[in-house]
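Enquirer: What follows is a predicted protein model with its sequence.
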Amino acid sequence: MKNIALLGAAHIHTPNFIRILKQRQDCQVAWVWDHDPQRAAKNAASLNCQSNSRLEEVLQDPKIEAAIICSETNRHAELISCSVQAGKHLFVEKPLAMNGVEAEALAGQISKSGLIFQTGYFMRGNPIYRFLKQHIAEGSFGKITRIRLSNCHSGLFRGYFEDEWSWMAKPKQAGCGAFGDLGTHALDLLLWLYGLPDSVTAQLARPMARYPGCDELGEAMLCYADGCLASIAASWVDLANPMPFMLSATEGHAFVLDNQLYLKCENLPGAEGNEPWLQLPEALPHALELFLDAINGKEADLVSAKEAALRNKVMDAIYSAAAKQCWEKID
């Protein structure tokens, strides 16, 4: 039985993580730390464990082998550094850090330590995207000319960012607004599927003007050296997100509509585009489940700290391009 510390319970995904943890038979949360003692106690009660407002005491506990960080983003740097120094494996909710420079420094610490690392890019486990990654890599679609990804919900209308989760609409604590929050998943998929772009530009907007200084939606364009153009949309003010993916290429096309993959491809027999494509790999477990498997010695396909930091850096460039109304180069 692996003993874990939950460091921070501020993130909106915390309740789902607690649900996952309570279902596992091979690990348990022994401590919950939070700078807010009431929040720590509330979540510790749900996990039937102890809470503690003294971080050093939690990390010095020799029984603790791993830490799950669900704090406000502006607390990640301290929590990650202290956990690495204490030799704890790490799951860190995205984004890794407040900005690309900080993320790169933290990724260096994590990589040098040799500890197991994972972050919350759960969309990689979707069978549709696993299928697309394989066939993009194999060249099944020919030369790819356009890719479009969209990750949107109606969280602003549903009050997701009021009260308990309000810090997520405060960029000085979260490091970003709606585009960074949801767009980072689309960005991760794009970089995972197709690699790093040469340059980016973007437009962010606040049509509802609900939270001071916080973007509510955005669109980014990413330009690749091979001529492919990609775009990412992310929003807290969309009632639906029926078409999250589209790909155009010289020998085929693919799109996702209402969670079904449609594709027409000369190199895939039967791919006529008229009916949903059902020949898909199995779904992978949630990103947190994969981390818990890994610390228990099982093979798991994890996101590296370097990958997590790179997404921070590209997102920085997107926000900079939006602010300056220009193209930003990606090193």
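Expert: Here it is on my side, so go on.

Enquirer: In the host helix or strand of Ala105, which residues are buried?
Expert: Ala105 is located in helix 100-113, with elements delineated by DSSP states H and E. Using 16 or more other C-beta atoms under 10 Å as the test for burial, helix 100-113 gives 100, 102-104, 106-107, 109-110, 113. Every residue, glycine included, has its C-beta placed from N, CA and C.

Enquirer: Relative to Asp61, which of these is nearest.
Expert: Ser113 (18.3 Å; C-beta to C-beta).

Enquirer: need the contact list for the closest residue to Leu182 other than its chain neighbours.
Expert: Nearest in space to Leu182, with sequence neighbours left out and distances taken as C-beta to C-beta, 6 or more residues apart in numbering, is Ala234 at 4.0 Å. Shown in contact with Ala234 (C-beta atoms under 8 Å, 6 or more residues apart in numbering): 150-152, 178-179, 181-183, 186, 217-218.

Enquirer: Ok, Gly297 next?
Expert: Contacts of Gly297 (C-beta under 8 Å, 6+ apart): none.

Enquirer: which element follows the lowest-mean-pLDDT helix or strand in the chain toward the C-terminus?
Expert: Every helix and strand of the chain was ranked by mean pLDDT, DSSP states H and E. The lowest is strand 50-52, at a mean of 94. Counting by DSSP H and E, the element after strand 50-52 in chain order, helix or strand, is helix 55-59.

Enquirer: buried residues in that following helix?
Expert: 55, 58-59.

Enquirer: Tell me which residues are up against the helix or strand that it is followed by.
Expert: Going down the chain from helix 55-59, the next helix or strand is strand 64-69, by DSSP H and E. Strand 64-69 is contacted from outside by 2-8, 17, 21, 27, 29-31, 58-59, 76, 79-80, 83, 86, 88-93, 116, 288, 291, 295, using C-beta under 8 Å, 6+ apart.

Enquirer: Now the phi/psi pair for Ala233, please.
Expert: phi -120, psi 140 (degrees, to the nearest 10).

Enquirer: burial count for it?
Expert: Residues contacting Ala233 under the criterion other C-beta atoms under 10 Å number 20.

Enquirer: OK, contacts around it?
Expert: Ala233 neighbours (C-beta under 8 Å, 6+ apart): 148-152, 183, 186, 217-219.
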